[in-house]
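Trainee: attaching a predicted model along with its sequence, questions to come.
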Amino acid sequence: MCGIVGILGKHEVAPIILDALKRLEYRGYDSAGIATVNNGALDRRRAVGKLINLSDLLVHDPLRGKSGIGHTRWATHGGPSVANAHPHQAGRVAVVHNGIIENFRELREELSAEGASFSSQTDTETIAQLAGSLLEKGRSPVEAARETLARLKGAFALAFLFSGEDDLIVCARRGSPLAIGHGEGEMFVGSDALALAPMTDRVTYLEEGDWAIITRSGAQIFDAEGHQTHRPMNRINVEETRVDKSGHRHFMAKEMAEQPAILQAALGFYSGLDHDGIDLPDGLGFAATDRLIMVACGTAYYACQVAKYWFERYAGLPVELDIASEFRYRNPVLGDSNTAIFVSQSGETADTLAALRHVKGQVAQVVSVVNVMTSSIARESDIALPIHAGPEIGVASTKAFTAQLQVLAVLALRAGLDRGHLSEAEFATLLAQLRSVPGYVAQALDREEEIRLLTESLSQARDVLFLGRGVMYPLAQEGALKLKEISYIHAEAYAAGELKHGPIALIDKDLPVIIFAPHDALFEKTVSNMQEVMARQGQVLLISDAQGFADAGEVPTRLQMPAVPEFIAPFIYAVPAQMIAYHTALHRGTDVDQPRNLAKSVTVE
Ligand code: AGP
């Protein structure tokens, strides 16, 4: 997703905006640009590729001015190019935008008919051209911006900058988050608090539909109906927004390594060691719930798949599971005793947010499990549960996955108690197992060197198959997704029992098959599937525990995990799913933290 920064400052803003954009790199982008007002005139620099290219441009051709806007673009309409990079300018106005303008073609035709000439393929340029034409017709900058906003359909976060206006930024939020930062005689705008943290810890989050007039003396905020309103100023914990690699080579490596400590700390928010219960926000319970609906995307969806097994086994609660982009289009049947749970690391995934809005008012309670409590999904839920994973910068989600699992596990145990499906003793046993997870995850992380060696040959593969049964099936899917998204090797996952229904045709001596199989109730069946693969010269890597290897017979390649109770196995097997992808990507030399084509949070549908 794109990143937006704006500054009405006391100093030359271009270098400061560039630094702020660097803190938004994790969102994924393919071009960037900055516009400033210098002696009343708008000036602009844009570059394709990484921010270093824009930085080089600014060294050779500096941008002056103490007010400016900046942008990192993740291409939607129109490929990565200087012409398509933001800020877009039309006459006396420059604009940066995150989102999609759904009626841009209609507006483009209207403006072209009035003589506007477009220089890009983007929807964003239409915004600039519309505001520019209104300025030409005599509107003031604020009026031009306000009337432009009224014409737009779709989702956006926007910031306008005007020539001749050194002390004015107009910004708006509709479907994509935007925050206002308060300085001393300076004001800031940013897509999130991470971008603003070096400049201020006083942040106001715009609400859905808000727009604001910002000058160095402050911000006037107007709601969707145009009424001036007040939004609270928050103090952000700048320490929590620290985004550095802490000595690791990549953010992904740091975030994998953080998992034991994060899981240990996060569980404490839901079940302190000083008592044997689970603390959930008042009002959240499952005694009256007749069905769970769980909706998410990508890795978060696989966390929900694991949780489905837990809710059904330990709470006897039926679970309906959906990929967010499919959910509302199947016309789901909803009931007023249902609980809907939306899982999202960023809390801004457009598909998941749209699914949440679809169920509001139709179910008993809307719960979200998120890593960003100021996010749209958190704010629009009845109850938002933080996973306390800290900022996750690597595009490939790792610590957020295991932290999501932890909160979902806590919810499943609580549901088991609420519904009388778990005795106090069974609950206590399972909670104790949950408390043991950080130690076991640390043991799994200790197999890194073995995994690095194993992935040398894997990195030469063209295709890879992941197999698992039961809760290991979503883990196989997570492993396939991780491998795909950072090493660019085609990988897919199957329920191991499904192999003989077609996919076994793929097996030959060139196909690596990675099998997740702790020694659990399904182990024997999974080993049978493994033998079917080996009988056809498939290159098997079996990930199991000591008992598993004792019973599996001859296995070509193995990776041993600690033996753990079935309930917590998903946490431990998440580590090889993550690390196999990470080291394969290293062998292949891909961009681990910002893989091609991907954004950290997909805020467009
Ligand atoms: C996971 O590694 C991917 N980056 C992606 O699938 C991600 O999980 C998905 O886009 C959902 O993001 P969210 O958790 O922020 O909603």
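Mentor: Looks like it came in fine.
Trainee: list the contacts of Gly361.
Mentor: Applying Cβ atoms under 8 Å, 6 or more residues apart in numbering to Gly361 gives no contacts. For glycine as for every other residue, the C-beta is placed from the backbone atoms N, C-alpha and C.
Trainee: next, it: secondary structure please.
Mentor: Put simply, Gly361 is coil when judged by DSSP: H, G, I helix; E, B strand; the rest coil.
Trainee: can you check the pLDDT for the residue lying closest to Gln578 once chain neighbours are set aside?
Mentor: Excluding its sequence neighbours, the residue lying closest to Gln578 (Cβ to Cβ, 6 or more residues apart in numbering) is Thr398, at 4.8 Å. Note on Thr398: pLDDT of 98.
Trainee: pull the contacting residues for Thr398.
Mentor: 252, 255-256, 259, 392, 574, 578.
Trainee: now whichever residue of the chain sits closest to the ligand, nearest residue through space, not along the chain?
Mentor: For the chain and the ligand, the shortest gap (Cβ to the nearest ligand atom) falls at Gly298, measuring 1.9 Å. Spatial nearest neighbour of Gly298, excluding adjacent residues (Cβ to Cβ, 6+ apart): Leu481 at 6.5 Å.
Trainee: so how far is Ala303 from the one you found?
Mentor: Note on Leu481: its distance to Ala303, by Cβ to Cβ, to the nearest Å, is 12 Å.
Trainee: so for the two, which sits in the more crowded spot?
Mentor: Just comparing Leu481 and Ala303: by other Cβ atoms under 10 Å the higher neighbour count belongs to Ala303, 30 against 22.
Trainee: next one: phi and psi at Gly3?
Mentor: phi -120, psi 140 (degrees, to the nearest 10).
Trainee: bridging residues for Gln220?
Mentor: Ile213 (DSSP bridges).
Trainee: pretty sure it sits against Gln228.
Mentor: Yes. Between Gln220 and Gln228 there is a contact under Cβ atoms under 8 Å: 6.1 Å.
Trainee: still on that earlier bit, least confident of the contacts of Thr398?
Mentor: Among the contacts of Thr398, Glu392 carries the weakest pLDDT, at 92.
Trainee: need the contact list for Asp167.
Mentor: Applying Cβ under 8 Å, 6+ apart, the residues near Asp167 are 8, 67, 215-216.
Trainee: could you dump those to JSON lines with pLDDT and neighbour count?
Mentor: Formatted as JSON lines, the contacts of Asp167 follow (pLDDT from 0 to 100; neighbours: other Cβ atoms under 10 Å):
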{"residue": "Leu8", "pLDDT": "98", "neighbour count": "25"}
{"residue": "Ser67", "pLDDT": "98", "neighbour count": "25"}
{"residue": "Thr215", "pLDDT": "98", "neighbour count": "15"}
{"residue": "Arg216", "pLDDT": "98", "neighbour count": "18"}
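Trainee: up against the ligand, what does the stretch 351-500 of the chain have?
Mentor: Proximity of the stretch 351-500 of the chain to the ligand, by Cβ under 6 Å from any ligand atom, involves residues 352, 395-397, 485.
Trainee: pLDDT score assigned to Arg357?
Mentor: Reading off the model, Arg357 has pLDDT 96.
Trainee: that one and Glu380 touch, don't they?
Mentor: Yes. Here Arg357 reaches Glu380: they are 6.8 Å apart, a contact under Cβ under 8 Å.
Trainee: between Gln220 and Gln228, which is the more surrounded one?
Mentor: Set Gln220 next to Gln228 and count neighbours by other Cβ under 10 Å: Gln220 wins out with 14 against 10.
Trainee: if we can go back for a sec, max pairwise distance over the contacts of Asp167: which two?
Mentor: The largest separation in the contacts of Asp167, counting by Cβ to Cβ, is between Ser67 and Thr215 at 9.8 Å.
Trainee: what is in contact with those two at once?
Mentor: Overlap of the contact sets of Ser67 and Thr215 (by Cβ under 8 Å, 6+ apart) consists of 8, 167-168.
Trainee: export the residues you listed to a markdown table and tack on distance to the ligand?
Mentor: A markdown table is the format used below for the shared contacts of Ser67 and Thr215 (distance: Cβ to the nearest ligand atom, whole Å):
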| residue | distance to the ligand |
| --- | --- |
| Leu8 | 31 |
| Asp167 | 36 |
| Leu168 | 33 |
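Trainee: and of these, the nearest to Val369?
Mentor: Set against Val369, the nearest of the shared contacts of Ser67 and Thr215 by Cβ to Cβ is Leu8 (36.9 Å).
Trainee: got the contact list for the closest one?
Mentor: Leu8 neighbours (Cβ under 8 Å, 6+ apart): 66-67, 167-169, 186-188, 214-216.
Trainee: go again using 7 Å as the cut-off
Mentor: Neighbouring residues of Leu8 by Cβ atoms under 7 Å, 6 or more residues apart in numbering: 67, 167, 169, 186-187, 214-216.
Trainee: among those residues, which are located in helices?
Mentor: Of these, none are assigned to helices by DSSP state H.
Trainee: farthest-separated two in these?
Mentor: Ile169 and Glu186 (11.5 Å).
Trainee: those two: which is more packed in?
Mentor: Taking neighbours as other Cβ under 10 Å, Ile169 and Glu186 compare with Ile169 leading, 28 against 19.
Trainee: okay but His88 is in contact with Thr124, surely?
Mentor: Yes. With contacts counted by Cβ atoms under 7 Å, His88 reaches Thr124, the gap being 5.0 Å.
Trainee: common neighbours of these two, please.
Mentor: Shared contacts of His88 and Thr124, defined by Cβ under 7 Å, 6+ apart, are found at Val95.
Trainee: is any residue of the helix or strand hosting Ala585 near the ligand?
Mentor: For Ala585, the element it lies in under DSSP states H and E is helix 569-588. No. Contact of helix 569-588 with the ligand (Cβ under 6 Å from any ligand atom) is absent, the minimum separation being 9.1 Å.
Trainee: now Val410. Nearest residue, chain neighbours left out?
Mentor: Tyr270 (4.7 Å).
Trainee: list of residues touching the helix or strand of the chain with the lowest mean pLDDT?
Mentor: Across the helices and strands of the chain, mean confidence by mean pLDDT, DSSP states H and E is lowest for helix 193-196: a mean of 86. Residues outside helix 193-196 that contact it (Cβ under 7 Å, 6+ apart): 3, 5, 20, 23-24, 179, 181, 188, 190, 203, 236, 241, 243, 391.
Trainee: state the pair within those that is farthest apart.
Mentor: Longest span within the contacts of helix 193-196, Cβ to Cβ: Phe188 and Pro391, 18.5 Å.
Trainee: so for these two, which residue has more residues nearby?
Mentor: More crowded of Phe188 and Pro391, by other Cβ under 10 Å: Phe188, with 27 against 20.
Trainee: count of residues packed around the closest residue to the more buried one other than its chain neighbours?
Mentor: Leaving aside its chain neighbours, Phe188 sits nearest to Gly181 (3.3 Å; criterion: Cβ to Cβ, 6+ apart). Residues near Gly181, counting by other Cβ under 10 Å, number 27.
Trainee: could you check the pLDDT of Gly181?
Mentor: Looking at Gly181, its pLDDT is 97.
Trainee: can you dump the C-alpha atoms of whatever helix or strand it lives in in PDB for me?
Mentor: Secondary-structure assignment from DSSP H and E places Gly181 in strand 179-182. This file holds the C-alpha atoms of strand 179-182, laid out as PDB (Å, rounded to 0.1, in the frame of the first residue of the first chain):
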ATOM      1  CA  ALA A 179      -2.900  10.700  11.100                       C
ATOM      2  CA  ILE A 180      -2.100  14.300  12.000                       C
ATOM      3  CA  GLY A 181       1.000  15.000  14.000                       C
ATOM      4  CA  HIS A 182       1.300  18.100  16.300                       C
END
